[in-house]
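J.: Give me coordinates for this.
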Amino acid sequence: MVHNFDVVIVGGGILGTSISYFLSHLNKLKKILVIEQAHSVAFHTSGRNTGKVHAPYLYNPEKKRLFAKTAFHGYEMWEKYSELRKLPFKKDGVIEVSLDDKGTKVLERYLKWGKQNGLEEEDIKLMDKSELKKIEPEIKCEGALYVYRDGSVDYSLLTHSLMEDSIKQGVKFLLDTKVSSIRKEKGKLKIELNGEHEIFTRFLINAAGGQAIDIAHEVGIGKNFTDVHFRGEYWKAPKEYHNLTKTSVYSVPEFPDYPFLDPHWIIRVDGSCEIGPNAVPVFSPYGYSKEENIKEFIPKVLEMLNSGARKTIFNRQFQELAINEIQSSMSKTAMIERVKRFLPRIDANRITVKGTAGIRSSVIDEDGKFVPDVILLNDERSFHILNYNSPGATGALPFSAHIVNSLNQTGLLESEDINASCGPWKFGDIVEKIKN
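T.: Model prediction:
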């Protein structure tokens with residue numbers, strides 16, 4: 001194996017793979033490597049989500065402008081890329097429902113935000129319960145926001161396709177490979193792999209998802225941040241419920257400052273339906289099993305007690321919410337009852353099969369607050385993307401182009417052809433859309 005690289009990307013999720021895609025088109029002569037700990041790309045969060053291509057109505061246009069813009073343009077980019085690669089893309093929309101007057105006021109705010117973020121009149125509509133009843137008779141609510149510009153895909157398939165395109169452009173992927181340590185040495189970064197092999201790189205991009213904080217800490221960056229992990233679990237609905245609604249149904253979150261999501265009614269791109277996710281606290285970004293959580297319990301608790309997270313875990317409201325999420329994991333009925341509030345016809349006894357669980361990692365600052373937005377940090381040899389959560393998959397393509405362009409502009413990473421063709425797009429055109 002080649003031991004010297006120009007760029008190493010840590011993380012083969014949808015973000016790291018998207019970055020490799022654009023870098024490979026702009027830097028055809030550079031040696032680029034993607035390191036992924038799992039046995040395939042998109043094995044964790046990127047392939048264990050609802051598969052929704054979200055319209056940007058949830059994002060404050062002032063506080064989350066970049067996420068809103070990348071989500072808006074991500075829709076059209078995934079649609080075009082799916083068509084090019086003959087992968088499924090279903091324009092099926094989503095309905096956000098309110099269960100009381102307070103929630104309806106939130107929907108009114110979402111409507112305003114959506115239009116400010118680029119949605120047209122025909123893309124989004126606020127309805128009262130009687131109007132929605134004519135379209136979706138099974139939904140019980142006080143108000144609803146029908147978002148037509150929303151879609152469903154399989155992000156695992158999309159990520160694998162991006163990997164294949166990157167490989168054709170000369171990128172190398174190392175799977176089943178864990179970064180053991182990172183050290184600066186003679187103007188480069190020395191990366192130890194699986195505790196035995198060493199490689200060197202001029203520049204490192206950290207897109208490691210659930211381990212992004214750990215990678216950043218390895219090079220002395222972001223020490224004031226820590227992370228906590230939440231396992232999102234799903235239940236599969238039987239076929240008799242597959243036509244219960246025409247589209248997915250979300251409910252207004254009761255506690256938006258915490259990463260605890262009220263379970264949704266999800267219609268996936270293949271037509272199957274699921275309820276989920278909840279947000280069960282776990283002790284590892286790979287805490288799918290009891291054994292993994294037991295192994296990481298003491299190290300993670302000690303880490304949290306010695307960081308701003310200690311304020312969070314001793315916060316009474318957080319504790320109550322965490323207990324509720326744990327109950328939803330232990331009791332299928334407790335979780336499904338949440339969805340019965342707006343889909344009363346669902347019978348928990350008929351839902352017997354669990355879906356795939358995914359883990360979301362959220363960053364906490366030194367004051368014990370959940371960081372609501374993505375964190376971008378760098379030094380002269382590395383760039384770190386922390387807290388890249390929802391709508392991360394939706395905006396991964398334009399966000400990755402934005403990151404690559406930013407690295408070029410700051411001189412951290414020089415590209416050969418900034419206006420190169422990247423599949424169905426011109427790189428410069430993508431960047432301009434994000435700017436405007």
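
J.: list the contacts for Val252?
T.: Residues near Val252 by C-beta atoms under 8 Å, 6 or more residues apart in numbering: 96-99, 103, 106-107, 262. Any C-beta I mention is one placed from the backbone N, CA and C, and that applies to glycine too.

J.: Return the subset of those lying in strands.
T.: 96-98 (DSSP state E).

J.: Let's see the ChimeraX selection covering just the buried ones among those residues.
T.: A single ChimeraX command selects the buried members of the ones in strands among the contacts of Val252 (16 or more other C-beta atoms under 10 Å):
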select :96,97,98
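
J.: Show me which of the ones in strands among the contacts of Val252 is closest to Asp154.
T.: Glu96 (22.7 Å; C-beta to C-beta).

J.: how near is that closest one to Lys28?
T.: 43 Å (C-beta to C-beta, to the nearest Å).

J.: Over to Lys290?
T.: 47 Å.

J.: okay, these two: which has more neighbours?
T.: Shown here are Lys290 and Lys28; by other C-beta atoms under 10 Å, Lys28 has more neighbours (14 against 9).

J.: hang on, that one is in a strand, isn't it?
T.: No - the assignment for Lys28, made by DSSP: H, G, I helix; E, B strand; the rest coil, is coil rather than a strand.

J.: can you pull the pLDDT of it?
T.: If you check Lys28, the pLDDT there is 77.

J.: ok, now how distant is it from His39?
T.: From Lys28 to His39 the distance is 28 Å (C-beta to C-beta).

J.: ok, now Ile385?
T.: 23 Å.

J.: Compare these two (neighbour count), which wins?
T.: Ile385 (25 against 9).

J.: Just say helix, strand or coil for the more buried one.
T.: Going by three-state DSSP: Ile385 is strand.

J.: likewise Glu192?
T.: Once three-state DSSP is applied, Glu192 turns out strand.

J.: what number of residues lie near Ala309?
T.: 23.

J.: what's the distance between it and Glu254?
T.: 22 Å.

J.: what sits against Gly118?
T.: So Gly118 contacts 56, 68-69, 72 (C-beta under 8 Å, 6+ apart).

J.: now swap in Val147 and tell me
T.: Contacts of Val147 by C-beta under 8 Å, 6+ apart are 55, 57, 93-96, 114, 119, 123-124.

J.: if we go to 6 Å?
T.: Counting by C-beta atoms under 6 Å, 6 or more residues apart in numbering, Val147 touches 55, 57, 93-94, 124.

J.: Specify which member of those residues is nearest to Ile418.
T.: Nearest to Ile418 among the contacts of Val147, with distances taken as C-beta to C-beta, is Ala55, at 29.5 Å.

J.: Wait, the closest one touches Arg149, no?
T.: Yes - look at Ala55 against Arg149 with C-beta atoms under 6 Å: they come within range, at 4.8 Å.

J.: which residue lies farthest from the center of the protein?
T.: Using C-alpha atoms, centre = their mean, the residue of the chain lying farthest from its centre is Lys186. It sits 35.6 Å away.

J.: Okay, that residue and Ile32: tell me how far apart.
T.: 21 Å.

J.: ok, Gly103 - contacts?
T.: By C-beta under 6 Å, 6+ apart, the neighbours of Gly103 are Val252.

J.: that older thread, who's more crowded, Ala55 and Arg149?
T.: Counted by other C-beta under 10 Å, Ala55 and Arg149 do not tie: Ala55 has more neighbours, with 29 against 22.

J.: Now for that one: which residues touch it?
T.: 147, 149-150 are the contacts of Ala55 under C-beta under 6 Å, 6+ apart.

J.: can you check Val171 too?
T.: Val171 touches 20, 24, 32, counting by C-beta under 6 Å, 6+ apart.

J.: Check Pro253 too.
T.: With C-beta under 6 Å, 6+ apart, Pro253 has these contacts: Asp262.

J.: same question, Gly195
T.: Gly195 neighbours (C-beta under 6 Å, 6+ apart): Ser180.

J.: repeat that with 10 Å
T.: With contacts defined as C-beta atoms under 10 Å, 6 or more residues apart in numbering, Gly195 is in contact with 178, 180-181.

J.: Give me the secondary structure label for Phe230.
T.: Applying three-state DSSP: Phe230 is strand.

J.: Which parts of the stretch 151-300 of the chain are strands?
T.: 151-153, 172-174, 179-185, 188-193, 197-206, 226-232, 235-236, 248-251, 264-267, 273-276, 280-282 (DSSP state E, counting those that start in this stretch).

J.: In its sheet, which strands sit next to the second one, and in what direction?
T.: What it means is strand 172-174. Using DSSP bridges, the strands paired with strand 172-174 are strand 32-35 (parallel).

J.: Which elements pack onto the next helix-or-strand element following the strand it pairs with?
T.: Going down the chain from strand 32-35, the next helix or strand is strand 52-53, by DSSP states H and E. Strand 52-53 makes packing contacts with helix 65-85, strand 89-91, strand 151-153, strand 264-267 when contacts are defined by 3 or more C-beta pairs under 10 Å, 6 or more residues apart in numbering; DSSP states H and E.

J.: check contacts around the residue lying closest to Phe230 once chain neighbours are set aside.
T.: Spatial nearest neighbour of Phe230, excluding adjacent residues (C-beta to C-beta, 6 or more residues apart in numbering): Ala279 at 4.0 Å. Residues near Ala279 by C-beta under 10 Å, 6+ apart: 229-233, 258-263, 321-322, 324-326, 328-329, 359-360, 362.

J.: For the chain, which segments are assigned as helices?
T.: 14-26, 65-85, 101-116, 129-135, 155-168, 212-218, 290-305, 309-313, 316-330, 332-340, 396-409, 427-435 (DSSP state H).

J.: Give me the mean pLDDT for the last one.
T.: Mean per-residue pLDDT for helix 427-435: 92.

J.: Same check on the fourth one?
T.: Averaging the model's pLDDT scores along helix 129-135 yields 97.

J.: what does it rub up against?
T.: 95, 97-98, 104, 125, 127, 139-146, 245-247.

J.: Now the buried members of those residues.
T.: 95, 97-98, 104, 127, 139-146, 245, 247.

J.: Return the member of those residues nearest to Leu157.
T.: Among these, and counting by C-beta to C-beta, the member closest to Leu157 is Thr247, at 21.0 Å.

J.: Need the contacts of Val171 in a markdown table (columns: neighbour count).
T.: Formatted as a markdown table, those follow (neighbours: other C-beta atoms under 10 Å):
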| residue | neighbour count |
| --- | --- |
| Ser20 | 31 |
| Ser24 | 23 |
| Ile32 | 24 |
